[in-house]
Every structure is written in structure tokens, then in C-alpha cells.
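Visitor: quick one, structure for this:
(chains A and B)
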Amino acid sequence: MNTLKNAEVGSTVKVVKLHGEGALKKHLMDMGITKGCQIYIRKVAPLGDPIEITIRGYELSLRKGDAENIEVE
Amino acid sequence: MSLTIALAGNPNSGKTTMFNKLTGANQRVGNWPGVTIDRKVGRIRGTDYELVDLPGIYSLSPYSPEEIVSRNFLIEDRPDAVINIVDATNLERNLFLTLQIIDTGIPTVIALNMMDQVRKLGDRIDVEKLSKELGCRVIPVSALNAEGIKELVTAVGEVAEAKLSPEPLYFDGDIETAVTQAEEALRGEVPDETLRFHAVKLIEKDNAVCDSHPDAMNKVSTAVRELERKKDDDADSIIADGRYNRITTITESVVKKAPRDERGTLSDRIDRIVTHRVWGIPIFVGVIAVVFFGIIGFSWGDFKIVGIGTWCTDWVNDVFIGEWIDPAVRAWCESDGEFSSVDALLCSGIVGGVGAVIGFLPQMLLMFLALCILEDIGYMARIAFVMDRVFRHFGLSGKTLIPLLVGTGCGVPGIMASRTIESERDRRITAMTTTFIPCGAKLPVIAMITSAVFPGNGLIAVFCYIMGIILVLVSGIILKKLKSLSGTPAPFIMELPPYHIPSVANILKGTLDRGWAFCKKAGTIILISCIILWFLASYDTGLHYIGDNVGDAQSILAAFGGAVCVIFAPLGWGDNWELTVGTITGLIAKENVIGTFGTLFGIEAGDNGEGLETVLSGMLTKSAGLGFLAFNLICAPCFAAIGAMHRELGRWRDTGMAILYQCLLAYSVALIIYGFTSYIGGWNSLVVDGTLIEQAAPVGSTVAGIVVLAIIIYLLWAKDPFRQLSGRDEYDAEKGMRA
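Guide: Now for the predicted structure:
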């Protein structure tokens, strides 16, 4: 399974599905990460985590551990 | 008729600026019931409408306290209208909240903010079409430039008077069928106006709605399962997808984006440097160094910079209070010929105590100012982004760093800055541990002890900061194993808003508001504590007034210090009750420790140091001195900080526990330092009249120190009874094994 965690910096991916449940999943959806939307991986923080992505025209940062719940292609 | 209007919107949508523009100076700040979130209420200028500022939220889900209070206010208190402030440069995500607000059926007006930015980018938004699509009035505004405010107020008034409920935005076929079924199931259980809101939340399996309507939940469960099967997804995803699909359709038809510069916007270019893989951390260190040394000052050998804040504080202490206020009050007191106990209370207790705290006001205001600027520019979020990795290891998040940084100036704003942390657990732990970082008032104490027992050793100050940071991190791990501070770890999902030029009005207002909040605290809790402490120091145990001499040997305080000093004997403080009393008076303001010693040892405040150092080096060995310093830095902070901590923790029981934890930790650290370092050559001797007197090895303290250290290590490595801290790592490990 490809997740956002493994996606390369500088690439654009498409969300297939959100895994996990409860607050985390809801929060990701509230921030606009839903099925079919495009995510551009902008950069990784200096210490290797978290990552910064562009989604729906704005910048969002999230930890790799949380990004693992986002299945992409 | 007076109307109640709610102001709702995403964080970073310009909501605060809008609130200030709408209400002007007419504001009151309170608390939302049960939580420590500010509840700002004001009267809209030129009307009798009451404007309630809801916290910045992304959604009306029931997860964060901010979301819960906003949702309860909209659903239960039913304001007459909502102003939904929407960032026009980030329309898609902002409209997600809008759709949920429309579902509540409250008359809504959309304030399409940052239109000036949209124009600057060359984008076009068809406002009329947007209004038609959303079914409610849309007013283009720019809160920063005060554009469109009048039109907004007029529109809100009209919509609220006419009770114009917006038409909900229907989902496509299958989802809408399920929603209709849920509405039928809920009919009668909830008011008709909120039927749709509750119905959609029921389909989403929203905990709060499902728990309060179990029957309706059962009735629609088949329909929900059917929907999930058809769409091959979970119901909550289906609803969110449905909303976002609808939004995308709207924005595609309404927004015309101009082609972007290849290099990205200016904000993108700044961000590329500021959070650069290599430069990110050096830039962070540089920014903090400039703020910190600019305000507090810096010295290394002969090289010395006087910080602006320190300079102002010295002026307030020495000139404003020392030369103007204090002599004036004293002269007024003595004008009737005698200096009574009431006069002494006024001069020493109140002017002395409150004055000591007010002296820090300029330093604090400058710290607030710097903080507000960094926040307004958008750099604070980047600090959390750059440093999160470090704090994640200890179960905290990058956002913890911000209060700690502010806390180096003063613990009070530091504790208040913890409010920006969303996770309640992290927020409480940060509020409890921020004061471990040495604040401005602790610097003189560090300086005094250093010159008394480690003359000329600059590393002691460095040690104090490192010790503070280590203790914050250690506490992060230990405290999360307590039941009251356990829970699922909050994810670190944070918007990185575009950088923008700060608004002078916003920054000044933010700075002064925080400064005023501090003054109010100084006016109440500190005043009362100072009076009590003055009383204890100026009366003997027979309740006779013994004079204006803090901690006279006969005073209640001295008697108390004498009784308590046995507790501190294992730390190598001996039977020197003055050390205990100094520590207690440090509760008013930490630098009071020195002032008290000056009085107790009969050393004039004028000849700073010299005499005091000789006395102290005859009382404390190097090890005991370092332990004394550690205890004073870590134990209960000053009353002002305790007050701020109480505001964040909410209940006196919790505040009490926090203080107890701080004192226990302080004692443990001092014990470990004294018990372990006494065996270093020359560290266990007193200097009396220039000769070294070797002390007996503190075997008892060493043994106790080993036990305490073992307990701390056990707490650090003990399996987390509530599993939240390591949950993620274990989850990762399991995943790794399966892969």
C-alpha cells in the first residue's frame, strides 16, 4: 500500500482512501484531505519529520506517523 | 431589539482583526463554561448588536474543546445570525466550515475576507454567483483595511431581523436519501431548526449526536450500512467527500485564478529559506537569539550587551519605584509623625512586593511584543514545524517550544502562551512545566549563587537552562502516565499560514491586552500574597508587631523557617533558617531571594554581592549551593506564575497538584545534586574566614539520592499504564513486523 508517508518530496499524489478512525481521521478530512484530492509534497522538516504538503491551495504540515493513514497513488 | 451575532471562521482567516474592527474598544473577555478558552464579546459599533467571537475552528466536529464550545453555542444558544468569516485566498477549505454552519439553519452572512490579497494575486471571484450557490449573502471585505465593514453590518442586521435561514446545500442522491431518513428518525427529538444539522451528524457517526439519540441511531443504521456498501467507504468519509465535492464544484465555477509566478509567491520564497533543511535550524536559533539577547541582554567575559528589556526594568525598579514611588509613599506615611504598622504594610508589603513584580512589566511587554510580531508574521507555526521532531520524542509537540521560549523572559506570558497548543494534555503539561526554564527574575539568583560558590564560572547559567529543558522533557514523559493527563495523543496537523506583513494595530493590541491581563493579576493575587507574607514577616508568634524588617529572627516567618529547615537538612542547607525564608519570599518574585538575604544577614542593598557572597559561601558547600539554586529554580514559581497556571489548569485541586509536583521534583533534583556531587574534590567544603572546612560526606543524602533517581528512572521507563505515549511507536513496530 502506498501512503503519503512514503511519497517523494516534490511529487504530486492522489488520495485513494483514509485509514484509521476517530479524531485523527476526522481532523484530516476537516483539513480537506479527502478521496480523490491532489497532494503536492513540498518538503520535509530539517529533522526529517514532519512533512509539509500543499492541498486545496494551502500549506499543511503533518507528521509522517499520521501521514501513514493516507493511502495515495 | 438587541440581536446576538456569532463570529465564526477558520484560524488564520483574519477573525481577530475583524472582531476588533467590528467592535472597536467595546469588548469583554470571559471564559467559555468549563474550558479555559477566551470568550470575547463586544458590541458592534453603531448598533446594539452583541457580537460573540467563537474560537477559530475548521469544523463543527466534537473533538477539540474549541469545536465543542462553538457547536454548543450555535446549536443550543441559537444566535440571531452568524457572520462566517472566510479567507478568500483559501476558499475551498474555508467553505467546509461554511457548509456546516449553513446546516445549523441560523441566518448566515459570509464575510469574504482578504479580498485585497485576491486582487493582488490577480484572481477574480464572482461574489454574486458565490452568494447564489451558497444561498446566503456574501460581502467582500478586507478586515485589515476596514473595507466593506459597513455593508457587512447592514447585511447581518437585515438577515437577522428577517430571520432568513439559508437553504441547506443538498448532497447528491444516495447521501441525501440517508439524510432524509435520519431527519425522520430524529423528528421530535431535536428542534426542527437543527434537524438537518443533527441528521447529517448522525450519518457521520458523530459521537455527541449518536450518544444522545441512540434510538434514532438504531433506526438509521441499516440505511447507513447500505450507503457505506454502495459507496464502498465509511459514512464519515462519504459525508466529508460529499461536502468537498460540492465545494469544488462551486469554487471551480466562481474563482478565476490568474497564472502564478513560476518561483512561487513571496511567501513561498521566504518559506523555502526559513524552513530549509540545512538553514532552518540555524535561522531559528538566530531569531531566538536576537529576541532573547535583545530583551534580556548578553555578556561573555568583557563583551556585554544590555538588553532593552533589562534596561527598562532596571529603570523602573531603581528610578521609578526606588526613587519616586517608594520615597513618596514613605514620606507620606511619615508625615503624621510616626511610622505605624499600617504605614509599614503600605511601604514594605505593598510597594515593595507589588513594585518588585511591576518592575518586570517593561521586560514582559517587550517579550509580548516580540511574540506577537513572530505570531502575526506567521513564523510561530514554522518554529513548531522545524522543532516538532525533538519534542515528539518526549510525547510533546513542537508547539510546546513557544511557551518555553516566552518563559525565558517571564513565566506568566509563557504559561499563557501554552494556550495555542490544541491538545489539552500537552497544554496542561506545558503550563505545569514552563517555569522550569529560568525566567528573567531568576537570573539574579543564578548570578548570586554562582559568584558565592562558583566564582566566575559562566557554565552554571548554561547548566540552569539545560536542566530546565531536560526537566520539561522528563516531565512530559512522566506526567503523561498519570490518569488525569492521559488520553489519546493528539495528531500534529497544523496549517502553515502564508507569511504576511504584521498589522501594527493588531500587534499593539495583542501586546497591551496581555500586559493588562498581567497587571490585573499583579493587582489581585500578588497584592494579597504580599500582604500575607508581610504579616508573617512583621509579627512575632504572639502576634505583636515587631517592626518593618522582613523576616526578623522573632517573626512568624522566621519561626516557620526554623521549623521547616529540618526538611531541607538533607539538601545540605544545615540549620540556616534564612535559606528557607529566602526561598519562601521568592514566591513573591524570584529575585526577592536576594533581597531577603540582604535583610536577614544585615547587608545593605547598596553593596550588592561582596558581603552576601562571603556569608553564603560559609553556609553552603559547592554541592549544596548548586542544589539550593536548582531547588529555587524548579520549585513553585512566583505567585504571578501560580495565578497564570491556575487560569490554564482551571481547578485549584489541579493547581495544587502541579505545585506539589514542582516542589517534589525540585527537592529530588536538589537531593540528587547534593548527594552525588559532594564527592567531587573541593565540592564539599565551606569557606569560613577564608579557610576551607571540609564537611562530612552526606551518606544519607547520597543513599536517598540514589533511591529518588531510581524512582525517576523507573517512572521514565515504566510501561505506560494508559498506553498513549508509546502507542504510536508500538503500532509502528507491529506494522514493521508484519511488513
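
Visitor: for residue B:635, which non-adjacent residue is spatially closest?
Guide: Closest residue to residue B:635 apart from its sequence neighbours, by Cβ to Cβ, 6 or more residues apart in numbering or on different chains: residue B:666 at 3.8 Å. To be clear about C-beta, it is placed using only N, CA and C from the backbone, and glycine gets the same treatment.

Visitor: so what pLDDT did the one you found get?
Guide: At residue B:666, the model reports a pLDDT of 96.

Visitor: tell me which element it is part of?
Guide: helix B:652-677 (DSSP states H and E).

Visitor: for residue B:82, same thing?
Guide: strand B:81-87.

Visitor: list the residues that contact residue B:181.
Guide: By Cβ atoms under 8 Å, 6 or more residues apart in numbering or on different chains, residue B:181 lies in contact with B:219-220, B:223.

Visitor: what does residue B:712 give?
Guide: By Cβ under 8 Å, 6+ apart, the residues touching residue B:712 are B:474, B:478, B:668.

Visitor: relative to chain A, how far out is the first one?
Guide: Meaning residue B:474. Distance, residue B:474 to chain A, by Cβ to the nearest Cβ, to the nearest Å: 20 Å.

Visitor: one step back: closest one to chain A out of the contacts of residue B:181, please.
Guide: Distance to chain A across the contacts of residue B:181 (Cβ to the nearest Cβ) is lowest for residue B:220, with 19.1 Å.

Visitor: which residue, other than its chain neighbours, is closest to that closest one?
Guide: Nearest residue to residue B:220, sequence neighbours excluded (Cβ to Cβ, 6+ apart): residue B:182, at 4.8 Å.

Visitor: ok, now residue B:581?
Guide: With Cβ to Cβ, 6+ apart as the criterion, residue B:581 has its nearest non-adjacent residue at 4.0 Å, and that residue is residue B:561.

Visitor: can you check residue A:62 too?
Guide: The nearest residue in space to residue A:62 (Cβ to Cβ, 6+ apart) is residue B:493, at 4.7 Å.

Visitor: quick one: name the residues of the stretch 51-200 of chain B near chain A.
Guide: Proximity of the stretch 51-200 of chain B to chain A, by Cβ under 8 Å from any Cβ of the partner chain, involves residues B:58-59, B:61, B:63, B:89-93, B:96.

Visitor: could you look up the SS state of residue B:686?
Guide: Classification of residue B:686 by DSSP: H, G, I helix; E, B strand; the rest coil places it in strand.

Visitor: right, and it touches residue B:623 too?
Guide: No - using Cβ atoms under 8 Å, residue B:686 is not in contact with residue B:623; the gap is 11.0 Å.

Visitor: with neighbour numbers in mind, choose between these two.
Guide: Neighbours were counted for residue B:686 and for residue B:623 using other Cβ atoms under 10 Å in any protein chain shown; residue B:623 has more, 26 against 19.

Visitor: roughly how far apart are the more buried one and chain A?
Guide: From residue B:623 to chain A the distance is 36 Å (Cβ to the nearest Cβ).

Visitor: and that residue, its phi and psi?
Guide: Main-chain dihedrals, residue B:623, degrees, to the nearest 10: phi -60, psi -50.

Visitor: got it, and residue B:539?
Guide: phi -120, psi 150.

Visitor: strands of chain A, start to end?
Guide: Residue ranges of the strands in chain A, as given by DSSP state E, are A:12-18, A:38-44, A:51-55, A:58-62, A:70-72.

Visitor: how about the stretch 101-250 of chain B?
Guide: Taking DSSP state E, counting those that start in this stretch, the strands of the stretch 101-250 of chain B run over residues B:108-113, B:124-125, B:137-140.

Visitor: who wins for proximity to residue B:616 among those?
Guide: strand B:108-113 (59.1 Å; Cβ to Cβ).

Visitor: what's in contact with that closest one?
Guide: For strand B:108-113, contacts defined as Cβ under 8 Å, 6+ apart pick out B:9, B:13-14, B:18, B:81-88, B:98, B:101-102, B:125, B:127, B:130-131, B:134, B:136-143, B:148, B:152, B:155-156, B:159, B:166.

Visitor: who's in contact with the nearest residue to residue B:58 once chain neighbours are set aside?
Guide: Once flanking residues are discounted, residue B:58 sits nearest to residue A:30: 4.6 Å by Cβ to Cβ, 6+ apart. Residue A:30 sits next to B:58-59, B:61, B:96, B:240 when contact means Cβ under 8 Å, 6+ apart.

Visitor: do that again at 10 Å, thanks
Guide: Shown in contact with residue A:30 (Cβ atoms under 10 Å, 6 or more residues apart in numbering or on different chains): B:10, B:57-61, B:63, B:67, B:93, B:96-97, B:100, B:240, B:243, B:493.

Visitor: quick check: it vs residue B:93, distance?
Guide: From residue A:30 over to residue B:93 the distance is 9 Å, taken as Cβ to Cβ, to the nearest Å.

Visitor: identify the contacts common to these two.
Guide: Applying Cβ under 10 Å, 6+ apart, one finds that residue A:30 and residue B:93 are jointly contacted by B:10, B:58-59.

Visitor: which one of these has the most neighbours?
Guide: With neighbours taken as other Cβ under 10 Å, the top of the shared contacts of residue A:30 and residue B:93 is residue B:10, carrying 26 neighbours.

Visitor: and that residue, how far is that from residue B:388?
Guide: Counting by Cβ to Cβ, the gap from residue B:10 to residue B:388 is 21 Å.

Visitor: pull the contacting residues for residue 60.
Guide: Looking at chain A here, since you left the chain open. Counting by Cβ under 10 Å, 6+ apart, the residues that residue A:60 touches are A:28, A:31-33, A:39, A:42, A:50-54, B:93, B:493-496.

Visitor: let me rephrase: I mean chain B.
Guide: Contacts of residue B:60 were listed using Cβ under 10 Å, 6+ apart, and they are A:30, B:8, B:67-68, B:70-72, B:74-75, B:96-97, B:99-101, B:103-104, B:197, B:200-201, B:206.

Visitor: so how far is residue B:84 from it?
Guide: Per Cβ to Cβ, residue B:60 is found 12 Å from residue B:84.

Visitor: equivalent analysis for residue B:233, please.
Guide: Distance from residue B:233 to residue B:84, counting by Cβ to Cβ: 28 Å.

Visitor: quick one, which of the two is more surrounded?
Guide: Neighbour count, other Cβ under 10 Å: between residue B:233 and residue B:84, residue B:84 has more, with 29 against 17.

Visitor: which strand residues bridge that one?
Guide: residue B:8, residue B:110 (DSSP bridges).

Visitor: can you pull the buried residues of the least confident helix or strand in chain A by mean pLDDT?
Guide: Each helix and strand of chain A was given a mean pLDDT (mean pLDDT, DSSP states H and E); the minimum falls on helix A:22-30 at a mean of 88. Buried residues in helix A:22-30, counted by 16 or more other Cβ atoms under 10 Å in any protein chain shown: A:23-30.

Visitor: nearest to chain A: which residue in the stretch 101-250 of chain B?
Guide: With Cβ to the nearest Cβ as the measure, residue B:240 is the residue of the stretch 101-250 of chain B nearest to chain A, at 3.9 Å.

Visitor: OK, contacts around that residue?
Guide: Per Cβ under 10 Å, 6+ apart, neighbours of residue B:240: A:18, A:25-26, A:28-30, A:32-35, B:59, B:61, B:96, B:204, B:233-234.

Visitor: which residue ranges of the stretch 601-739 of chain B form strands?
Guide: B:685-688, B:691-694.

Visitor: the last one packs against which elements?
Guide: If I follow you right, that is strand B:691-694. Contact here means 3 or more Cβ pairs under 10 Å, 6 or more residues apart in numbering or on different chains; DSSP states H and E; on that basis strand B:691-694 packs against strand B:685-688.
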